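1. Below is the structure, and that's it, no one-letter string:
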């Protein structure tokens, strides 16, 4: 009797305790999102902001453009190419961080328990410094008179500096640097749980090293791979600081393009529509990716 | 080279580390294991039995010495090129693969066609009576069933030698007994040489054709269970295998003068000075006072079929005797008795 009373009040307490978090999620996360979606279907204000008139203009402009002289409609190549570049760069970042991150995570995961904490600590050190400052530091490394070019010239590999700064390569280097820890940490968590006896079992059962990697290690640490790829791909797609600083004005990614609409472009609905579009791309890729990675199992 | 030997370890040593911190896991071990034999490496933990097994499997390379498989030198052959498979203590089943895929793993890696793999998997699963579990994942099985999958997986590629690293240690007593006879049956049916590692002497005695007793990186004695039990070569083996009473005494004429001053008639092979007498509890007879060595019962434990009596001799040294409970004798703590040994059953060990 008193037991049921107790559980009921326990349930109520649970809701009460989580209320601050729920309110915060509702107001701080979902609220702005709803505003963005609403703005995307309103008309553009005269200088900035929106007019409260329902309009599909912003969404139309995301995908199409109208020639100002003859009024013909064509696909908005400029916008689409920015989206495409963003997706391409993010995919490349994800792939590179995975290729670099897997051996790193493996190395840390195979260290003795005592030194492991130190290696993990080293991985998290970059988080201590402001992203903008770290990005400027990379700029210092890759600019024409920077560390990298000077070094390459000194050892005679090249005779004139290579232009890296303000190219896609620069953006890629920057994003790989920024997001590598986000790949390493979930991979490490998965490798930490991995039973290394399974490698011996595979080796005992005539598997080569490559077959053990493909047939035993990768499938078992897959949850870590999925988590790492999601954690790298999504923020890469919306990256703002890195492409802005290292890519210069002409190598924009979606993040910069959106910022442009809210700033100089003074077109809030277009910015909102682009943001919503980005959100949709992320959602669709998440669904496709998780579907693809949970398929398989015993009979895959 | 003798080809009736499946495995020959010749002067195998394994030393970890170097210099002052070097640890000798195996010191110059030589052993020949016959084809089709159920051979057990028995010893306490840290005696080097697992290291020897891992050298045969290829996970460890001996510091010196050679390992031959049917006369071929495999000392430096990697594990995936040795026709030798291992059943791991923790089973090490692939958690992401079904039972059938686990069992078929070795065959698949050997490049066997899918149809042949499927057929073999079916055959081996029937051998371990797990036909109905082919599509399950390992974590959906009980410990005993996982054990069978591990066995089936190691047997499927038809290895020339099967290595078993304490595979029964994680099972409860009843299951362990079941698996012991199961293992013996599998070994007889497949005719494969089994090398079994255990620290459980009872397990070793029940299953093995021959046992190799190890201690501190060295082989103490190799022989059939009966011989090891009845004729241990030293105190370690006598102590490790079964229960044993030890009596230290001085050779005196045709007998042995023990601490209490009694002289016991024992078969001596020219030993002189101080020797150790090993007597199994079941080889001690308790008779009325006045026969044999005078003793007093100081403790008794009823164990069902048998009763254990602890008796104290004149010098307060104690012996444990095992007597069948239904033998009719009614003895109780405090009784004065006389104990006798069957002279042929006791072992005289060099101290």
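-> Cool, the structure landed. Being a predicted model, the structure only gives us computed values, none of them experimental.
2. Quick check: residues of the stretch 151-300 of chain A near chain B?
-> Within the stretch 151-300 of chain A, the positions adjacent to chain B are A:195, A:197-198, A:200-208, A:211, A:215-216, A:219-220, A:222, A:297-299 by Cβ under 8 Å from any Cβ of the partner chain. C-beta: built from backbone N, CA, C; applies to glycine.
3. which among the residues you listed end up buried?
-> By neighbour count, with 16 or more other Cβ atoms under 10 Å in any protein chain shown, those hold A:195, A:198, A:200-207, A:211, A:215-216, A:219-220 as buried.
4. residue boundaries of the strands in chain A?
-> A:42-44, A:50-54, A:64-66, A:73-75 (DSSP state E).
5. Identify each buried residue in the helix or strand where residue B:227 lies, please.
-> Counting by DSSP states H and E, the element that carries residue B:227 is helix B:225-230. Judged by neighbour count (16+ other Cβ under 10 Å), helix B:225-230 contains these buried residues: B:225, B:228-230.
6. give me the element residue B:322 is part of.
-> strand B:318-324.
7. quick one, domains of chain A?
-> A:3-74, A:76-294 (automatic domain parsing).
8. mean pLDDT lowest for which of the ones you listed?
-> When the domains of chain A are compared on average pLDDT, domain A:3-74 comes out lowest at a mean of 83.
9. Quick one: distance of that one to the chain centre.
-> Offset of domain A:3-74 from its chain centre (Cα atoms, centre = their mean, to the nearest Å): 21 Å.
10. that older thread, between the buried residues of helix B:225-230, which sits nearest chain A?
-> Nearest to chain A out of these is residue B:225 (Cβ to the nearest Cβ; 28.4 Å).
11. State the distance from that closest one to residue B:201.
-> Separation of residue B:225 from residue B:201 (Cβ to Cβ, to the nearest Å) stands at 9 Å.
12. shared neighbours, these two?
-> Residues touching both residue B:225 and residue B:201 by Cβ atoms under 8 Å, 6 or more residues apart in numbering or on different chains: none at all.
13. on that earlier part again, distance between the strand holding residue B:322 and the chain's centre?
-> The mean C-alpha position of strand B:318-324 is separated from the chain mean by 24 Å, Cα atoms, centre = their mean.
14. domain ranges for chain B?
-> B:5-236, B:244-349.
15. Where among these is average confidence lowest?
-> When I compare the domains of chain B, domain B:244-349 is least confident, with a mean of 82.
16. Name the residues of stretch A:86-96 that come out as buried.
-> Buried residues in stretch A:86-96, counted by 16+ other Cβ under 10 Å: A:86-87, A:89-94, A:96.
17. Then stretch A:31-42?
-> For stretch A:31-42, the neighbour count (16+ other Cβ under 10 Å) marks A:36, A:39-42 as buried.
18. now what about that stretch, what contacts it?
-> So stretch A:31-42 is contacted by A:50-56, A:58-59, A:268-269, A:271-273, A:275-276, A:279 (Cβ under 8 Å, 6+ apart).
19. packing partners for the helix or strand that contains residue B:67?
-> Per DSSP H and E, residue B:67 falls inside strand B:64-69. Applying 3 or more Cβ pairs under 8 Å, 6 or more residues apart in numbering or on different chains; DSSP states H and E, one finds that strand B:64-69 contacts strand B:5-16, strand B:23-34.
20. Using CSV, lay out the ones you listed together with mean neighbour count.
-> Listed next are the helices and strands packed on strand B:64-69 as CSV, based on neighbours: other Cβ atoms under 10 Å in any protein chain shown:
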stretch, mean neighbour count
strand B:5-16, 19
strand B:23-34, 18
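21. can you list the ones you listed in a markdown table and add distance to chain A?
-> Converted to a markdown table, the helices and strands packed on strand B:64-69 look like this (distance: least, Cβ to the nearest Cβ, whole Å):
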| stretch | distance to chain A |
| --- | --- |
| strand B:5-16 | 15 |
| strand B:23-34 | 17 |
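22. buried stuff in stretch A:74-88?
-> A:76, A:79, A:82-83, A:85-87.
23. Could you check how far whichever helix in chain B runs longest is from the centre of its chain?
-> Longest helix in chain B, counting residues (DSSP state H): helix B:173-190. Relative to its parent chain, helix B:173-190 has a centroid offset of 15 Å by Cα atoms, centre = their mean.
24. can you tell me how far the residue lying closest to residue A:39 once chain neighbours are set aside sits from chain B?
-> Leaving out its chain neighbours, the residue that sits closest to residue A:39 by Cβ to Cβ, 6 or more residues apart in numbering or on different chains is residue A:272, at 3.8 Å. Per Cβ to the nearest Cβ, to the nearest Å, residue A:272 is found 44 Å from chain B.
25. Look at the nearest residue to residue A:51 once chain neighbours are set aside and say how many residues are nearby.
-> Excluding its sequence neighbours, the residue lying closest to residue A:51 (Cβ to Cβ, 6+ apart) is residue A:43, at 4.5 Å. Around residue A:43 there are 15 other residues, counting by other Cβ atoms under 10 Å in any protein chain shown.
26. is it true that residue A:43 touches residue A:56?
-> No: using Cβ atoms under 8 Å, residue A:43 is not in contact with residue A:56; the gap is 9.8 Å.
27. list the buried ones in stretch B:76-86?
-> Applying a neighbour-count criterion of 16+ other Cβ under 10 Å, the buried positions in stretch B:76-86 are B:77, B:79-80, B:82-86.
28. How about stretch B:198-208?
-> Under 16+ other Cβ under 10 Å, the buried positions of stretch B:198-208 are B:198-199, B:201, B:203-205, B:207-208.
29. Identify all contacting residues around that stretch.
-> Contacts for stretch B:198-208 (Cβ under 8 Å, 6+ apart): B:38-45, B:49, B:166, B:168-169, B:176, B:180, B:183-184, B:196, B:211, B:224-225, B:228-229, B:240-242.
30. 6 Å instead?
-> B:38, B:40, B:42, B:44-45, B:166, B:180, B:184, B:211, B:225, B:241 (Cβ atoms under 6 Å, 6 or more residues apart in numbering or on different chains).
31. what's the residue nearest to residue B:15 when sequence neighbours are not counted in contact with, if anything?
-> Among residues not flanking residue B:15 along the chain, residue B:63 sits closest, at 4.6 Å (Cβ to Cβ, 6+ apart). Residues counted as contacts of residue B:63 (Cβ under 6 Å, 6+ apart) are B:13-15.
32. So which elements touch the longest helix along chain A?
-> The longest helix of chain A (DSSP H) is helix A:77-109. Judged by 3 or more Cβ pairs under 6 Å, 6 or more residues apart in numbering or on different chains; DSSP states H and E, helix A:77-109 is in contact with helix A:168-193, helix A:222-237.
33. report the angle between the axes of it and helix A:222-237?
-> Computed by axes from the mean of the first three to the mean of the last three Cα atoms, to 10 degrees, the angle separating helix A:77-109 from helix A:222-237 equals 140 degrees.
34. for helix A:77-109, the distance to its chain's centre please.
-> Offset of helix A:77-109 from its chain centre (Cα atoms, centre = their mean): 8 Å.
35. how close does the residue sitting furthest away from the middle of chain B sit to residue B:122?
-> What lies farthest from the middle of chain B is residue B:290; by Cα atoms, centre = their mean that is 40.4 Å. Distance of residue B:290 to residue B:122, given as Cβ to Cβ: 70 Å.
36. And residue B:90, its phi and psi?
-> The phi/psi pair for residue B:90 (degrees, to the nearest 10) reads phi -90, psi 10.
37. How about it, nearest residue that isn't a chain neighbour?
-> Of all residues not flanking residue B:90 in the chain, residue A:197 sits nearest, at 5.7 Å (Cβ to Cβ, 6+ apart).
38. so what's that neighbour up against?
-> By Cβ under 6 Å, 6+ apart, the contact set of residue A:197 is B:88, B:90, B:92.
39. quick one: which of those has the most company?
-> The most neighbours of any of those, using other Cβ under 10 Å, belong to residue B:92, which has 23 neighbours.
40. Having no further points to raise, I will conclude here.
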